[in-house]
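give me coordinates for this.
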Amino acid sequence: MKSLFSLASLSLLFVACGSQYKKAEDSKNTTTQTVNPTTYAETITEAELKDMLYTYASDEFAGRETGTEGETKAINYLKAHYMSNNVAAAKGNNDYFQNVPLEELATPNVTLTANGKALKNLEDIVSITPMPTSKFSASQVIDLGYGIESETYSNYKNVDIKDKVVLIRSGEPKNEDGTYLITGTEEASKWSNFRQEFATKRDLAKDKGAKAVLYYNPNVFAMAAMRYGSSSGRMVLSGNDNKMYYILLNDNAANAILNSNTTIDNTFTNKTINATINIDYTNNSKPLKANNVVAVIEGSEKPEEYIVISAHLDHIGVHDGEINNGADDDGSGTVAVLEIAEAFAKAKKDGHGPKRSIVFLNVTGEEKGLLGSSYYADQDPIVPLSQTVANLNIDMIGRTDPKREGDRNYVYLIGSDKLSTDLHNISEEVNTKYNNIELDYTYNDENDPNRFYYRSDHYNFAKNNIPVIFYFNGTHDDYHRPSDTPDKIEYDLLQNRARLVFYTAWELANREQRIIVDKAE
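Okay, the predicted model is just below:
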């Protein structure tokens, strides 16, 4: 990720004249509509947001867990709202539902035999990545040490791991003075942060073609065995079979493979170990159906270009007999999308519809691993990704982060500067013009250990080089608990943040020139 953005500013050349705006002389990079968007932003109100959220996050919807009756009630609620406001189905013919085929995971039967020793799932190993029922054998293991590749240190020099079994360890090398080799300071890099290294090391090996990754991290073994030892409602997209085994090892398993106590330091070089490895994997998952809800307002001048406004419609359901209502997560984002859609619909009814089309995307399975947005972006985009100008994603905007108590007028923005300087500057300028909310970029740091940039639905657009903004209020004590209820929502904040998204979408939809993607890698 990139954290720097250009200081070049793109001015919004509007000149106020009563309730109207004169057309700017230079329309190259400015909006040319002559209507004041405040007229429609002000239709997004605390009262309507509250009324909708008390229904959407009520016990009747039973926590909206993916694939349940509660989620079915949720998608029907969304459809009814769009229909009542004459916001058309994106697929046409009043078909608002995009079926997302899923598999509900059950604990697989897995045995890893290393040098004749049978290692059992959840006792010696934990199979992390769901695979199709299969068997695999190898006669060698490539010991990659920390499994790192960076500008200053690499365990991948002079080695081809395609279709091989590789062994990697947690952590990263240090200098003799105790500082970290990669950062040169006492601060560790992403290669030591568990949440980051767990995915980063896996993905690096996968990109290089590994057939199986054996990850030695005894500090998290018990936690992983507890999580992956029960289905706990875990799901994956059907037909999205992984091709690489990802297996966590404890001490017993690592010793069975290595038969040594290899020291890993900053001088480590990869080694090929003669070891007989057999993996026997039986998948016990079951099919499940869920739906995204997708509506659209067609653009008046550039209908083939699209702004996508998204929020996830699901939550975590019922646990231990208690309903997790998910008022903030993500009931707040969902009702904000509905109000924004209603505001654009009113503008269109008055003859001031957006120049570009606006897609309202309510996705399922976010809590299960961004599944609904992954299906939309990677398998079945209803509108072409190449014609998708930007994604504005709303996930939790109804509360105050405890770190911000006493300073409520803020919202965390993540991703605005990652791919497009235009998008970041427009976001800033629109806020200055209309909202004056503090735009807090704390979690936009590329070294943010929370990895929020990767943890909501915008990421499935960003990875396809579509500029994104993620609007977020931060977590709180009620996050993923039954106490996340509608009475805890601060509706004035929800209103103002929803209006900010509306104004940003308005500018993106109506400016003459499509924003430029100038930071794609």
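
any idea of the pLDDT on G233?
Looking at G233, its pLDDT stands at 77.

and it, how far from D59?
19 Å (C-beta to C-beta, to the nearest Å). No exception for glycine: its C-beta is placed from N, CA and C like everyone else's.

which of those two has more neighbours?
G233 (17 against 11; other C-beta atoms under 10 Å).

what bridges to the residue nearest to the more buried one when sequence neighbours are not counted?
Of all residues not flanking G233 in the chain, E65 sits nearest, at 6.6 Å (C-beta to C-beta, 6 or more residues apart in numbering). Under DSSP bridges, the beta-bridge partners of E65 are H315.

tell me which residues in stretch 289-300 are buried?
A290, N291, N292, V293, V294, A295, V296, I297, G299, S300 (16 or more other C-beta atoms under 10 Å).

dump the C-alpha coordinates for the longest helix seen in the chain into CSV.
What stands out as the longest helix in the chain, according to DSSP state H, is helix 491-510. Output of helix 491-510 as CSV, limited to C-alpha atoms (Å, rounded to 0.1, in the frame of the first residue of the first chain):
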residue,chain,number,x,y,z
TYR,A,491,-28.1,9.4,15.0
ASP,A,492,-26.8,12.9,14.5
LEU,A,493,-23.4,11.4,13.7
LEU,A,494,-25.0,8.8,11.4
GLN,A,495,-26.9,11.5,9.6
ASN,A,496,-23.8,13.7,9.0
ARG,A,497,-21.6,10.9,7.9
ALA,A,498,-24.2,9.6,5.5
ARG,A,499,-24.5,13.1,4.0
LEU,A,500,-20.8,13.2,3.5
VAL,A,501,-20.9,10.0,1.5
PHE,A,502,-23.8,11.4,-0.5
TYR,A,503,-22.0,14.7,-1.3
THR,A,504,-18.9,12.7,-2.3
ALA,A,505,-20.9,10.4,-4.6
TRP,A,506,-22.7,13.5,-6.0
GLU,A,507,-19.4,15.1,-7.0
LEU,A,508,-18.0,11.8,-8.4
ALA,A,509,-21.1,11.2,-10.4
ASN,A,510,-21.5,14.7,-11.9
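
now do the buried residues in that helix.
Neighbour-count burial for helix 491-510 [16+ other C-beta under 10 Å]: 491, 493-510.

repeat that for stretch 131-145.
M131, F136, A138, V141, I142, D143, L144, G145.

how about stretch 230-239?
Those would be G233, R234, M235, V236, L237, for stretch 230-239 by 16+ other C-beta under 10 Å.

which of those fall in strands?
M235, V236, L237 (DSSP state E).

thought the second one was touching L105?
What it means is V236. Yes - counting by C-beta atoms under 8 Å, V236 touches L105, with 6.4 Å between them.

okay, and the common contacts of the two?
Shared contacts of V236 and L105, defined by C-beta atoms under 8 Å, 6 or more residues apart in numbering, comprise P130, S285.

hey, where'd the helices end up in this structure?
In the chain, the helices defined using DSSP H lie at 38-41, 46-56, 69-84, 194-207, 221-228, 251-258, 333-349, 371-378, 421-430, 459-462, 491-510.

adding mean pLDDT and distance to T183, write the ones you listed out as JSON lines.
Converted to JSON lines, the helices of the chain look like this (pLDDT from 0 to 100; distance: least, C-beta to C-beta, whole Å):
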{"stretch": "helix 38-41", "mean pLDDT": "98", "distance to T183": "44"}
{"stretch": "helix 46-56", "mean pLDDT": "98", "distance to T183": "44"}
{"stretch": "helix 69-84", "mean pLDDT": "98", "distance to T183": "43"}
{"stretch": "helix 194-207", "mean pLDDT": "90", "distance to T183": "13"}
{"stretch": "helix 221-228", "mean pLDDT": "91", "distance to T183": "26"}
{"stretch": "helix 251-258", "mean pLDDT": "93", "distance to T183": "27"}
{"stretch": "helix 333-349", "mean pLDDT": "98", "distance to T183": "35"}
{"stretch": "helix 371-378", "mean pLDDT": "97", "distance to T183": "32"}
{"stretch": "helix 421-430", "mean pLDDT": "98", "distance to T183": "26"}
{"stretch": "helix 459-462", "mean pLDDT": "98", "distance to T183": "25"}
{"stretch": "helix 491-510", "mean pLDDT": "98", "distance to T183": "35"}
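
can you map out the strands along the stretch 101-250 of the chain?
Applying DSSP state E, counting those that start in this stretch to the stretch 101-250 of the chain gives strands spanning 109-114, 117-120, 125-127, 134-143, 165-169, 212-216, 235-237, 245-249.

could you dump those into CSV and include distance to N473?
Converted to CSV, those look like this (distance: least, C-beta to C-beta, whole Å):
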stretch, distance to N473
strand 109-114, 40
strand 117-120, 43
strand 125-127, 34
strand 134-143, 43
strand 165-169, 36
strand 212-216, 34
strand 235-237, 26
strand 245-249, 33
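
compare those and give me the one nearest I469.
Closest to I469 of the strands of the stretch 101-250 of the chain, according to C-beta to C-beta: strand 235-237, at 25.2 Å.

ok, Y503 touching Y40?
No - contact criterion C-beta under 8 Å: Y503 and Y40 do not qualify, at 9.6 Å.

okay, now N465: neighbour count?
Using other C-beta under 10 Å: N465 sits among 16 other residues.

and the spatially closest residue to it that is not a sequence neighbour, what pLDDT?
Spatially, and ignoring its direct neighbours in sequence, N465 is nearest to A520 (4.3 Å; C-beta to C-beta, 6+ apart). Per-residue confidence (pLDDT) for A520: 87.

for the stretch 401-521 of the chain, just list every one of the strands.
Going by DSSP E, counting those that start in this stretch, the stretch 401-521 of the chain shows strands at 410-414, 438-440, 468-472.

go through those and pick out the most buried.
strand 468-472 (a mean of 27; mean count of other C-beta atoms under 10 Å).

compute the inter-axis angle for that strand and helix 491-510.
Interaxial angle, strand 468-472 versus helix 491-510 (axes from the mean of the first three to the mean of the last three C-alpha atoms, to 10 degrees): 170 degrees.

so where's the stretch 251-400 of the chain shaky on pLDDT?
260-262 (pLDDT under 70).
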